[in-house]
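Participant: how would this look folded up:
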Amino acid sequence: MANSGSGDSVVDRVVRVITAFPEGVNVLLLSELADRAALPPSTAHRLVRQLAGHGLLDIGPGGTVQLGLRLWELVNRNSPTLELRQAAMPFMEDIQQVLNQNVNLAVLDGREALFVERLSRRGSVANRAQVAGRMPVHLSSAGLVLMAGQPHTVQAEYLDGFVDPAGRLTAEQLRLQLGEAAHQGFAQLAGVVDPDTWGIAVPVMDRKKRTVAAIGVVIPLHEVRLQALVPALQTAARGIGRRLAESQSSPEQRD
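Facilitator: Next up is the predicted model:
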């Protein structure tokens, strides 16, 4: 790929254009998109037109640009989390019906929990976990249980570089939280993101007992019933793990 005068490649510039849309915003003026992507207007205009030609962006009236349906189609059709979401959805629906709570499904991506599915209960507490949204590991019960299930080398690297921007949590305190989550088989955080909510999550394991996801609930503080919530979540997590194992087995192995 040819480089620009600044040394970045065409791929670099395309990625900057696509990722310039902030969370919750799907329409930008071309001039604003160029600013957010740190590109000259002429370069942004050329790339936008080329991407629009492939359906990855849509050009609207008044110089507006939005992400195209083709991009959504490709992401959802080929997403590595598609199999996980399909396996998890029936169990997430069961959890929501039985417990009547917000339900989240997340995977670990670096130092963050990436939420890949969410079911919300009307009239319940705020659920800050958005589909395709991220939260730092230490700020979510899902993040804690995901990191607690990683090899010690991964945890050590994470803790060595950990700094809480708010200054409320030390690496040693976080290490103890991870150890507690690994020992108990679930993680819980009360009032961290929202003062009136409690997050509880358990690991989803594959057939090799590796933590591949986390399923959790976000509930009002006054509705916390660990003796009911944790077993229900663990039962769902085992069911998801079995579904994943079945989908990943060959036809010969299933016979």
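Participant: make it CA atoms for all contacts and neighbour counts henceforth
Facilitator: Will do.
Participant: what's the spacing between the helix or strand where residue 95 lies and its chain's center?
Facilitator: When elements are assigned from DSSP states H and E, residue 95 belongs to helix 82-99. In terms of C-alpha atoms, centre = their mean, to the nearest Å, the centre of helix 82-99 is found 16 Å from the chain centre.
Participant: Just the helices from the stretch 1-150 of the chain, written as ranges.
Facilitator: Assigned helices in the stretch 1-150 of the chain, in chain order: 10-18, 30-36, 41-53, 69-78, 82-99, 141-148 (criterion: DSSP state H, counting those that start in this stretch).
Participant: follow-up on the earlier one: the helix holding residue 95: which residues count as buried?
Facilitator: Along helix 82-99, these residues count as buried under the neighbour rule (16 or more other C-alpha atoms under 10 Å): 84, 85, 87, 88, 89, 91, 92, 93, 95, 96, 99.
Participant: so residue 221 sits right up against residue 196, yeah?
Facilitator: Yes. Under the criterion of C-alpha atoms under 8 Å, residue 221 makes contact with residue 196 at 5.6 Å.
Participant: Now for the two: what residues contact both?
Facilitator: Counting by C-alpha atoms under 8 Å, 6 or more residues apart in numbering, the shared contacts of residue 221 and residue 196 are residue 190.
Participant: Please tell me how far residue 139 sits from residue 8.
Facilitator: 34 Å (C-alpha to C-alpha, to the nearest Å).
Participant: now do residue 223
Facilitator: Using C-alpha to C-alpha, we find residue 223 at a distance of 52 Å from residue 8.
Participant: Residue 219 too?
Facilitator: In this structure, residue 219 and residue 8 are separated by 46 Å, where distance is defined by C-alpha to C-alpha.
Participant: out of those two, which sits in the busier spot?
Facilitator: Remark: of residue 219 and residue 8, residue 219 carries more neighbours, 25 against 12, as counted by other C-alpha atoms under 10 Å.
Participant: what about that one, which SS state?
Facilitator: Per DSSP: H, G, I helix; E, B strand; the rest coil, the local secondary structure of residue 219 is strand.
Participant: For it, give the beta-bridge partners.
Facilitator: residue 198 (DSSP bridges).
Participant: cool, and residue 118?
Facilitator: Going by DSSP bridges, residue 118 forms beta bridges with residue 104.
Participant: For it, the count of nearby residues, please.
Facilitator: The criterion is other C-alpha under 10 Å. On that basis, residue 118 has 22 neighbouring residues.
Participant: any chance you could map the helices in the stretch 151-255 of the chain?
Facilitator: Here the stretch 151-255 of the chain has its helices, by DSSP H, counting those that start in this stretch, at 152-160, 171-184, 226-248, 251-254.
Participant: between the ones you listed, which one is nearest to residue 57?
Facilitator: The minimum distance between residue 57 and these falls on helix 226-248, with 33.4 Å, by C-alpha to C-alpha.
Participant: Quick one: mean pLDDT for the closest one?
Facilitator: Mean pLDDT, taken over the full extent of helix 226-248, equals 90.
Participant: packing partners for that helix?
Facilitator: helix 82-99, strand 197-205, strand 211-220 (3 or more C-alpha pairs under 8 Å, 6 or more residues apart in numbering; DSSP states H and E).
Participant: Go again with 6 Å.
Facilitator: When contacts are defined as 3 or more C-alpha pairs under 6 Å, 6 or more residues apart in numbering; DSSP states H and E, helix 226-248 sits against helix 82-99.
Participant: neighbouring contacts of the helix it packs on?
Facilitator: The contact list for helix 82-99 (C-alpha atoms under 6 Å, 6 or more residues apart in numbering) reads 236, 240, 243.
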